[in-house]
Structure formats: structure tokens, C-alpha cells
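In: my questions are about this predicted structure, shown below with the sequence.
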Amino acid sequence: MLEIKLLRAFLLAQYRSAVMGLLATCSLLLAGCFPSWESEAYLTSQSTWHTERTGAVKVIGPDVWFYVKTSNTVSLMSDYTKVRPFGISLWFEPRRPDIKFDPSRIALIIDESSNIVPSRVQLVRAGDTSRFDWWDCGRYPGTDFGPGPSYLLFRGFCAELYFDVDSPPPEKEFIMCITGLTIGDQQLNVPDIHFRRGKYWVAPIGK
């Protein structure tokens, strides 16, 4: 009888261990079924410029397109609003070959009195990461972009912009002003890009 009791206890322990492992696996897999939130770009008026949602938000103008992604993701798996600096990436697809971009001529207006410029910029020649979970430009071989401060755009030109502020929560509305896109000496009239809370679905492994 003692041996039977010991065997039952052993089998019960094995069963409980298997169930706990299965539940842990299911929890990880089901995390991909839960939403995440982050700041989503939009335009308050859409005429010659408009936006599309194809994974990331694409801002579309007459002469240039670019994807906008932010680092302040909040989900069941993570909370990146606790991270400083706040990151925004811009992935470009110019529609003509003579457009230049000066990443220092970007500013965030998070509060009425703020005018926050990037404290650091990382330039990357990137593949199309618009549908990937992460916000940054990805890990690619280094590229010599020249001395700057303005750089000639090409498809896959990606700029990681780091702002030395606490990452705002996704529900916090703010504005990004871009004055650094030019054709020759002419500044492109890019409308102010507004941000609101956007809902996304992410894989359990990613960010």
C-alpha cells in the first residue's frame, strides 16, 4: 500500500508539473492575442498629405512617404513608458531623387510650452520594417551618410530620433513638427503630425 501511495503521489506531482508547464506555455502564446497600445500618428486635415495604416502609420505626401513608429508601447508583456529617452523612427521612401532631410529640424510639442528637439539621432540604411513589432530601424550594417546636417533621402533611409524626455503614455496627445525636408533651398510644407493612442496586436516574442 505504501508503494502505491508513493506512486500516486509521484504521478500527481508529475501531472501538476505538466499542467503548470502547459499553462505557462498557453499564457505566452495567448499574449499575442492581447492588444498593445502606443502613440499613433495622424493628420488633423488630409488634402495633399494623408495617412495610411499598413502595420505602422504611413504619412504620404506629394514628394515623399514615410512610416512613423514610437517606442512607448504598453501591453501585458511590457511597459516602455518607463523608459527614457523617448524614441521615434522615420522610414523614408522619396518619390523623387533630390529630397534632403535634416533630422535636427524636428521638434516635439508634448506640452504647450515645450519644443523638444532630438538629443541623439541614429541613421540606418534599413529594409522595410513597417510591419515588425519593434519601433526602431533594426540592425543593419553601418552606412556612411556623409557629413550632414542634411542627407539625401533614398528608399530605406531610416532615422531613429531620441528625445531626452520620459516616454509619454500612449493616451497622451502631442505633436511633431518637421521642417527639415527640403528640395534644393525650398522647404517641404509638411503638416504637423499629431499623435493619439493607437491599438496594435503583437506577437508574444518581439519587443
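Out: Happy to help now that I have it. Numbering: from 1, shown residues only.

In: for the protein, which segments count as helices?
Out: For the chain, applying DSSP state H gives helices covering 2-30.

In: and E93, bridged to which residues?
Out: On the basis of DSSP bridges, E93 takes part in beta bridges with W65.

In: please name the residues that touch it.
Out: The contact partners of E93, by Cβ atoms under 8 Å, 6 or more residues apart in numbering, come to V64, W65, F66, R155, G156. Heads up, the C-betas are built off the backbone N, CA and C, glycines and all.

In: of the residues you listed, keep whichever come out buried.
Out: Among these, those scoring as buried are V64, W65, F66, G156 (criterion: 16 or more other Cβ atoms under 10 Å).

In: which residues touch the residue lying closest to the first one once chain neighbours are set aside?
Out: Using Cβ to Cβ, 6 or more residues apart in numbering and skipping the chain neighbours, the partner closest in space to V64 is P94 (4.9 Å). Contacts of P94 were listed using Cβ under 8 Å, 6+ apart, and they are D63, V64, W65, L153, F154, R155, F157.

In: show me the shaky parts of this structure.
Out: 1-34, 113, 130-131, 201-207 (pLDDT under 70).

In: what about V124, distance to S89?
Out: Look at V124 and S89: by Cβ to Cβ, to the nearest Å, they are 9 Å apart.

In: can you list residues touching both of the two?
Out: Between them, V124 and S89 have C137, C158, A159, E160 as joint contacts when contacts are counted by Cβ under 8 Å, 6+ apart.

In: touching, the third one and C137? I think so.
Out: By that I understand A159. Yes: distance between A159 and C137: 7.5 Å, which falls inside the contact criterion (Cβ atoms under 8 Å).

In: tell me who's in contact with H194.
Out: Remark: with contacts taken as Cβ under 8 Å, 6+ apart, H194 is in contact with A41, Y42, L43, T44, E173, F174, I175.
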